[in-house]
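Engineer: kindly return the folded structure for what I paste below:
(chains A and B)
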2 protein chains.
Amino acid sequence: MSTQIIRGSFLDFVEDPFHKSDSDSVRYLPDGLLVIEDGKITAFGAYETLQEKYADSEIINYSDKLITPGLIDLHVHYPQTEMIAAYGEQLLQWLEKYTFPTEAKFKDPEYARTIAAFFLDELLRNGTTTAVVLTTIFPQSVEVLFEEARDRRMRLIAGQVLMTRNAPDFLINDAQTAYAQTREQIQKWHGLDRLLYAITPRFAITSTPKELTLAGKLKAEFPDVYVHTHLAENVQEVQFTAELFPESKDYLNVYEQFDLVSDRSIFAHCIQLDDSAFQRLSDAGAAIAFCPTSNLFLGSGLFKLDQAKSTNYPIKVGLATDVGGGTSFSQLKTMSDAYKIMQLQGKSLSVFQAFYLATLGAAKALSLEDKIGSFEVGKEADFVVLDLQATPLMKLRNPHAKSENLAELAEKAFAMMILGDERTVQATYVAGKLAYENSIG
Amino acid sequence: MSTQIIRGSFLDFVEDPFHKSDSDSVRYLPDGLLVIEDGKITAFGAYETLQEKYADSEIINYSDKLITPGLIDLHVHYPQTEMIAAYGEQLLQWLEKYTFPTEAKFKDPEYARTIAAFFLDELLRNGTTTAVVLTTIFPQSVEVLFEEARDRRMRLIAGQVLMTRNAPDFLINDAQTAYAQTREQIQKWHGLDRLLYAITPRFAITSTPKELTLAGKLKAEFPDVYVHTHLAENVQEVQFTAELFPESKDYLNVYEQFDLVSDRSIFAHCIQLDDSAFQRLSDAGAAIAFCPTSNLFLGSGLFKLDQAKSTNYPIKVGLATDVGGGTSFSQLKTMSDAYKIMQLQGKSLSVFQAFYLATLGAAKALSLEDKIGSFEVGKEADFVVLDLQATPLMKLRNPHAKSENLAELAEKAFAMMILGDERTVQATYVAGKLAYENSIG
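Structural biologist: Numbers count the residues shown, from 1 in each chain, chains lettered A, B, ... in the order given. Got it, this is the predicted structure:
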């Protein structure tokens, strides 16, 4: 049996900091101990309490660092890694001009594997241990991603992208073929090691009713598989969707009509939604992936997070980078843009709320809160070691790295979230094993 | 005579890329040579053309790097360096809660010197060679900044902050005293080496009419000194100003009434301005400092850059970090947020327009285009060496660092601007001398 014991300052959540006070929702151990056996957490608590039991064990000490659960990225396109930061367009034009030509390359499995490996390593460099990933219409692009994620022992959710219209010929699949390919992949990958499958129609615009019907059929055949798609990102997109599906009362209703909205559904963006749609997402237990850097970069708009997190109709929300529409793999940078989006709406976002959206909140969005997202005993030991003094400026801002209490932590961790990036990640552990270490830090 | 010869790819501007096409405004030398004697540019051109003349000279070769004029930061608060990224407030509350207590510390000249030195080094780490800097009400905080800048041979513009009301007692000065202190500083520092002085009322809210009258008097006594202040950043601030100056027809008119608006005036923010104010700024030849990261972080709003740069009433605009309201000393990150602000308004911002705002555009905003901002022969040799492959992700995005033509450069440099930060800065030269070198890169 392999045992690791980690000492440091630990931050995680026991409740939702959008709905409870910090002291009732945040768990902070200034000096804690995390014990891992065979990749799972077997003990967690104050060093003082646990030290006697592990007095003779080797302890990995991160005493000046802040350790949080591994970050979760609720929506990201791995084939767009190499076209991140493409100039000048809003959503539909950007897809046409940059995205579709890039995705075409993923027909070549060798090429796809190179990018998949880079993508996963980049996630780890950024402290992200779980992601919900879009691929392309090519089954081989899904295969290599799952293979590479399995090699890295990551908990990853992905699926083949379904597209049958309104895209270039080279990115159009036959609905029936795509159904068969997806079905086969679900049987092969869903539940294998830590991998899970998501039925992934790109968005309503690129799907025929037939394809969505088949997607709904798959979901009925495999109820515990995810559905992952885009919803109401951009005004033009919403208008075009309304034209394509005149019988649907709104955009969300398209997915509802094909039985694709459940507590295993993840909808990216949801910027252009009204009260009714928020209410129905809440009723269904469906989740929203909030993609701040992307929403700003593509000029899509300001997500109404306060509305989605209101107690009227609480919705499961997680944070997402949405690379390549998003501008960074760093969830810290994503949090920073989330804060800016809230400020532009005259609201705020605490560092605890932000980290919740990328840890336990995202785990709940995925119905995986029994497996990941916090340091509860029994969960899988994915975590990230953060350096609050990663740059000269951060060191000036946080001259003492360690926080003695929650108020101190709130201030220091907020500055880290605003100033931070992948340099802030000192180390990333996946299922208890060191998966990345910052050699510069 | 000390001579340096630099070889690399050079980017600068000969016209305004907001008003002319890229090919008419951008100068790009894929393989260029920059010759410097005693801190000034004595020759600049294609390597092929100049090489013979310098065949026997030692050449510093940055062949895979992009060299631009030193970046100019048109508005930044050095005492706020250590309180960057403070949580949760919009402008007026943020001043009260975080800014004023921090600025109080600058009464201590030793403390002020430590931060001044850090601040200037941080500018250089970010490729910024000229900045327009706010200090505090304490003369000693101005003295140490000028001394440190002089040691670094930087072209810096700064001035004592004038505050006589609506601030804590410990940050209130007597108007007549402040006048005398400023007068003395102008005589000591303005024009000494590369240093220049700015009369710096913080903003209308913290100045009495008497103080603004004295500021106007100083400006009349020393016409080539700058005026540097804030204007129309936040809605609450605009309302409060209207209450304090009921006789002024709008916020800008406050400064106009005290003769503080000229072609040497720099107004930070200008988010809440109407057409008439834009027109008057244009007529006066006054400049706007556009502060994207700050405007988002404090939720102040979206600056109407397209309106300010329209040909109806062209206004001189430069880019600014506005640390500590801004979230980064990096003008690359500032450009990235500028792009996002434009996208949210359904507009775009090319990488050339962005770099113009931080080089020649900012130099023109300062009426210093005869001295800095481009590689014209005779100008001071401030420049920055940028690495388009500074991170693994940037290297994937730009697998070939060098651009053969303007279209290639537009794409690569845009990705660099979106993904970049101070790691992108390979080296910074001030007046021809290496002032910073990235030891990791």
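
Engineer: and A:K309, how far is that from chain B?
Structural biologist: Distance from A:K309 to chain B, counting by C-beta to the nearest C-beta, to the nearest Å: 17 Å. Placement of C-beta: from N, CA and C, glycine included.

Engineer: list the contacts for the nearest residue to that residue once chain neighbours are set aside?
Structural biologist: With C-beta to C-beta, 6 or more residues apart in numbering or on different chains as the criterion, A:K309 has its nearest non-adjacent residue at 4.3 Å, and that residue is A:F18. Counting by C-beta atoms under 8 Å, 6 or more residues apart in numbering or on different chains, A:F18 touches A:309, A:353, A:356.

Engineer: mind putting those into JSON lines with neighbour count, pLDDT and secondary structure?
Structural biologist: JSON lines is the format used below for these (neighbours: other C-beta atoms under 10 Å in any protein chain shown; pLDDT from 0 to 100; DSSP: H, G, I helix; E, B strand; the rest coil):
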{"residue": "A:K309", "neighbour count": "24", "pLDDT": "95", "secondary structure": "coil"}
{"residue": "A:Q353", "neighbour count": "23", "pLDDT": "98", "secondary structure": "helix"}
{"residue": "A:Y356", "neighbour count": "28", "pLDDT": "98", "secondary structure": "helix"}
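
Engineer: do you know the pLDDT at A:Y111?
Structural biologist: pLDDT, A:Y111: 97.

Engineer: one step back: tell me the one among the contacts of A:F18 nearest to A:V235.
Structural biologist: Taking C-beta to C-beta as the measure, A:V235 lies nearest A:K309 of the contacts of A:F18, at 23.2 Å.

Engineer: surely the closest one and A:I315 touch.
Structural biologist: Yes - the pair A:K309 / A:I315 is scored as a contact, 7.2 Å apart, by C-beta atoms under 8 Å.

Engineer: do you know the pLDDT at the residue in the stretch 151-300 of chain A positioned nearest to chain B?
Structural biologist: Across the stretch 151-300 of chain A, the shortest distance to chain B (C-beta to the nearest C-beta) belongs to A:G299, at 3.1 Å. What the model reports as pLDDT for A:G299 is 97.

Engineer: ok, now the one 4 residues further on?
Structural biologist: Reported pLDDT at A:F303 in the predicted model: 98.

Engineer: helix or strand: which one has it?
Structural biologist: Element membership for A:F303 (DSSP states H and E) is empty, with no helix or strand holding it.

Engineer: can you give me the neighbour number for it?
Structural biologist: A:F303: 25 surrounding residues under other C-beta atoms under 10 Å in any protein chain shown.

Engineer: need phi/psi at it.
Structural biologist: phi -70, psi 130 (degrees, to the nearest 10).

Engineer: right, and A:T391 touches A:E422 too?
Structural biologist: No - A:T391 is beyond contact range of A:E422, at 11.5 Å (criterion: C-beta under 8 Å).

Engineer: who's more crowded, the two?
Structural biologist: Legend: neighbour count by other C-beta under 10 Å for A:T391 and A:E422, higher for A:E422 (23 against 20).

Engineer: I'd say the more buried one and A:F329 touch.
Structural biologist: Yes - under the criterion of C-beta under 8 Å, A:E422 makes contact with A:F329 at 7.1 Å.

Engineer: now do the shared contacts for the two.
Structural biologist: Common contacts of A:E422 and A:F329 (C-beta under 8 Å, 6+ apart): A:125-126.

Engineer: sounds good, over and out.
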